[in-house]
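> Next come a sequence and a model predicted from it.
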Amino acid sequence: QVQLVESGGGLVQAGGSLRLSCAASGRTFSTYIMAWFRRGPGKEREFVAAISWSGGRTDYADSVKGRFTISRDNAKNTVYLQMNSLKSEDTAVYYCAAKAAGISRSDSLYDYWGQGTQVTVSS
């Protein structure tokens, strides 16, 4: 069982930066694939980024590639999402998720979810 708690959301101007954190409980954090998804106003939940258990492999949605960076610290049971050059279309609730082996962009394959943190980008 893994419990996930996101933090770091807030209000930022377009062009600014934020760093989201997701703290996980459980001794097996280092064995999980970790990912970030988001749900914008009136939109479906969408994949943002994912990272392998070792951090050696990452995957990004085209819409955030080059602006967002996912990373993890297994010693701290934490995954991060550094978001730079934020745009108004990045406004969303951001969710942290975990699954067993295999990076995936499909939210239906993730077993554990956090409660979400709101990111609002003003233009």
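All right, it came through fine.

> Run the chain-centre distance for the helix or strand containing residue 35.
Per DSSP states H and E, residue 35 falls inside strand 33-39. Distance of strand 33-39 from the chain centroid (Cα atoms, centre = their mean, to the nearest Å) equals 4 Å.

> Quickly run through the sheet partners of that strand, with directions.
Using DSSP bridges, the strands paired with strand 33-39 are strand 45-51 (antiparallel), strand 92-99 (antiparallel).

> what's in contact with it?
20, 22, 24, 45-53, 70, 72, 79, 81, 90, 92-104, 107, 110, 116, 119 (Cβ atoms under 8 Å, 6 or more residues apart in numbering). Where C-beta positions appear, they are placed from N, C-alpha and C, glycine not excepted.

> Buried ones from those residues, can you make that a ChimeraX selection?
A single ChimeraX command selects the buried members of the contacts of strand 33-39 (16 or more other Cβ atoms under 10 Å):
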select :20,22,24,45,47,48,49,50,51,52,53,70,72,79,81,90,92,93,94,95,96,97,98,99,103,104,107,110,116,119
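
> quick revisit: redo the strands paired with strand 33-39 as CSV? Include mean pLDDT and distance to residue 58.
What follows is the strands paired with strand 33-39, written out as CSV (pLDDT from 0 to 100; distance: least, Cβ to Cβ, whole Å):
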stretch, mean pLDDT, distance to residue 58
strand 45-51, 98, 5
strand 92-99, 97, 15
